[in-house]
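Participant: Return a 3D structure for these sequence lines:
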Amino acid sequence: MPSGDRPTTPGTISHEQQKFFRAKVNLPRDVTKRQWQGCQAQAVNLSTGGMGLDTIPDPVMFTGLLDVSFLLPDSDTVIQAKGRLVWADVGGRAGLRFVVIEPALFENCSNWTNRKMKNEGWEFPA
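Facilitator: Model (predicted):
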């Protein structure tokens, strides 16, 4: 096969890799700290374990446990969780890890990311 050609069969994504899969999204998201007003950030990727955010005005204001709320894309499901920023940069980008999420909402998020993986051509191991 010439070096520029890609195989037409989908790849297999391991259970371990599935944990780190990030689906691209572009959705507004509310991030609130109880003693602070909060802000609306832009979510740029989503996984079952957290999300990548953009336009966080001042990450220092978002230390500790945060309330996160967003509409799961292509659904009527509102995901509400508690999370922590695990990294941030001076450009307003940040990574948020979910630390508390109801099991049913986690399952909805997991099913959504699994559909995204399949849409991208990934197969799951047997």
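Participant: Do you know the pLDDT at the closest residue to Phe106 other than its chain neighbours?
Facilitator: Distance criterion Cβ to Cβ, 6 or more residues apart in numbering; nearest residue to Phe106, sequence neighbours excluded, is Thr48 at 6.6 Å. Every residue, glycine included, has its C-beta placed from N, CA and C. Here, the pLDDT recorded for Thr48 equals 90.
Participant: same thing with Trp87?
Facilitator: 92.
Participant: Am I right that it is in a strand?
Facilitator: Yes - with DSSP: H, G, I helix; E, B strand; the rest coil as the criterion, Trp87 is assigned to a strand.
Participant: so who does it touch?
Facilitator: Residues near Trp87 by Cβ atoms under 8 Å, 6 or more residues apart in numbering: Ala94, Gly95.
Participant: Test of understanding: give the bridge partners of it.
Facilitator: Gly95 (DSSP bridges).
Participant: Quick check: chain neighbours aside, which residue is closest to the residue most central in space within the chain?
Facilitator: By Cα atoms, centre = their mean, the chain has its centre lying nearest to Leu46, at 1.8 Å. Excluding its sequence neighbours, the residue lying closest to Leu46 (Cβ to Cβ, 6+ apart) is Val25, at 4.9 Å.
Participant: Same check on Lys116?
Facilitator: Nearest to Lys116 is Ala23, by Cβ to Cβ, 6+ apart, at 4.0 Å.
Participant: measure stretch 79-98 end to end?
Facilitator: Across stretch 79-98, the terminal residues are separated by 11 Å (Cα to Cα, to the nearest Å).
Participant: which parts of that stretch are buried?
Facilitator: Ile79, Ala81, Gly83, Arg84, Leu85, Ala88, Arg93, Ala94, Gly95, Leu96, Phe98 (16 or more other Cβ atoms under 10 Å).
Participant: export those residues to a markdown table and tack on distance to Ala104?
Facilitator: Converted to a markdown table, those look like this (distance: Cβ to Cβ, whole Å):
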| residue | distance to Ala104 |
| --- | --- |
| Ile79 | 10 |
| Ala81 | 12 |
| Gly83 | 17 |
| Arg84 | 22 |
| Leu85 | 25 |
| Ala88 | 30 |
| Arg93 | 30 |
| Ala94 | 27 |
| Gly95 | 24 |
| Leu96 | 20 |
| Phe98 | 14 |
